[in-house]
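Visitor: The sequence and its predicted three-dimensional model are supplied below.
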Amino acid sequence: MKIQILDHGYVEFIEAWGQGSHSKPTATEAELLTGNDYEVGIIEAARQSTQGNFRGWEQDERLLSYLYTSDPPHATPFEFAGMVIEVQAPLFVFREWHRHRTQSYNEQSARYASLPDFQYLPTIDRVMMVNIQTKNKQAGNVGGIALSNENATKWLEMAEQAYHISMEAYRYGLAVGVAKEVARLTMPVAQFSRMRASANLRNWLGFLRLRTDSKAQWEIQQYANAVKSLIDIHFPQTAKYFAWEQDK
Ligand SMILES: Cc1cc2nc3c(=O)[nH]c(=O)nc-3n(C[C@H](O)[C@H](O)[C@H](O)COP(=O)(O)OP(=O)(O)OC[C@H]3O[C@@H](n4cnc5c(N)ncnc54)[C@H](O)[C@@H]3O)c2cc1C
């Protein structure tokens with residue numbers, strides 16, 4: 001599943017894990033039937049003391065609820081499930097994303113491969129959001145100046161020209177023999193890059209708490225919302241309690 005974001009970005013589901021012993025070659029037929037249930041591993045991890053098995057969600061939803069809603073929560077069992085995604089996003093989004101130090105990343109290297117001609121150009125509506133009052137101070141007007149449609153359009157035109165000049169310098173550099181690692185210096189933070197990100201479920205939930213929040217920058221919120229929709233699909237039991245937590 002690939003979710004398109006911004007003008008050239010996406011979040012793509014690569015894989016999930018957390019099937020616990022249901023993924024073993026010796027799994028019973030019943031276990032194999034629930035083999036794509038990526039939350040069994042959470043229950044099995046929580047039952048380590050008693051070596052208890054997964055008993056089906058009718059019974060085990062109570063245990064998952066207990067783990068999640070205890071105060072403080074029993075969070076470590078949620079480290080026994082996880083997900084890998086591929087992300088294409090502007091460099092400034094990656095800069096924010098990579099602050100989540102406990103995720104694992106591998107990014108396309110502009111030292112080895114040429115950069116694609118993709119730079120993020122926001123829509124006029126995105127630029128004009130600055131006039132909307134929100135709790136997100138950083139997204140508000142600079143010095144209280146209301147932005148006009150005309151000035152926003154002018155700024156977008158200038159941004160497009162700047163991207164064009166950056167790309168031209170980059171391509172010229174490559175054409176005349178400047179190394180890729182040096183030629184890339186002309187590129188803006190709007191330049192798209194691509195990475196794989198892997199994290200356990202506990203970690204993804206931490207990412208969602210911080211980056212689906214209205215105080216996060218709008219662009220990374222769009223990516224976090226896409227990650228959330230993948231969590232909803234692949235970890236539906238946990239997603240219910242995440243929603244409960246957000247509504248509290
Ligand atoms: C709205 C918003 C504004 C922000 N503004 C800024 C900013 O202005 N400048 C800036 O630099 N960053 C900023 N950040 C980034 C923020 O400070 C965090 O670095 C980022 O959100 C990652 O969170 P994290 O540390 O919990 O995640 P991770 O790095 O994935 O860590 C997960 C958890 O592991 C533990 N952990 C990880 N590393 C350590 C460690 N070294 N020591 C102890 N415990 C650790 C902590 O419990 C942590 O919560 C902002 C984030 C948001 C959401």
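Guide: Noted; the coordinates are in hand. Here the structure is a predicted model, which means the values were calculated and not measured.
Visitor: List of residues touching stretch 145-156?
Guide: For stretch 145-156, contacts defined as C-beta atoms under 8 Å, 6 or more residues apart in numbering pick out 121, 122, 124, 127, 128, 130, 131, 141. All C-beta atoms are positioned from the backbone trio N, CA, C, and that covers glycine.
Visitor: between those, which is closest to the ligand?
Guide: Distances from the ligand to the contacts of stretch 145-156, taken as C-beta to the nearest ligand atom, are shortest for residue 130 (16.8 Å).
Visitor: Tell me, what's the model's pLDDT at the closest one?
Guide: On pLDDT, residue 130 comes in at 88.
Visitor: I figured it was touching residue 137, is that so?
Guide: No. Between residue 130 and residue 137 there is no contact, the gap being 11.6 Å when judged by C-beta atoms under 8 Å.
Visitor: Between these two, which is the more surrounded one?
Guide: Comparing residue 130 with residue 137 by other C-beta atoms under 10 Å, the one with more neighbours is residue 130, at 15 against 7.
Visitor: Which secondary structure state is assigned to the more buried one?
Guide: helix (DSSP: H, G, I helix; E, B strand; the rest coil).
Visitor: and the residue located most distally from the centre of the chain, what is it in contact with?
Guide: Distance from the C-alpha centroid of the chain peaks at residue 176, with 37.2 Å (C-alpha atoms, centre = their mean). Not one residue lies near residue 176 by C-beta under 8 Å, 6+ apart.
Visitor: one more time with 10 Å
Guide: Residue 176 makes contact with residue 183 under the criterion C-beta atoms under 10 Å, 6 or more residues apart in numbering.
Visitor: Quick check: it vs the ligand, distance?
Guide: Between residue 176 and the ligand the computed distance is 37 Å (C-beta to the nearest ligand atom, to the nearest Å).
Visitor: I'm done for today, thanks for sticking with me.
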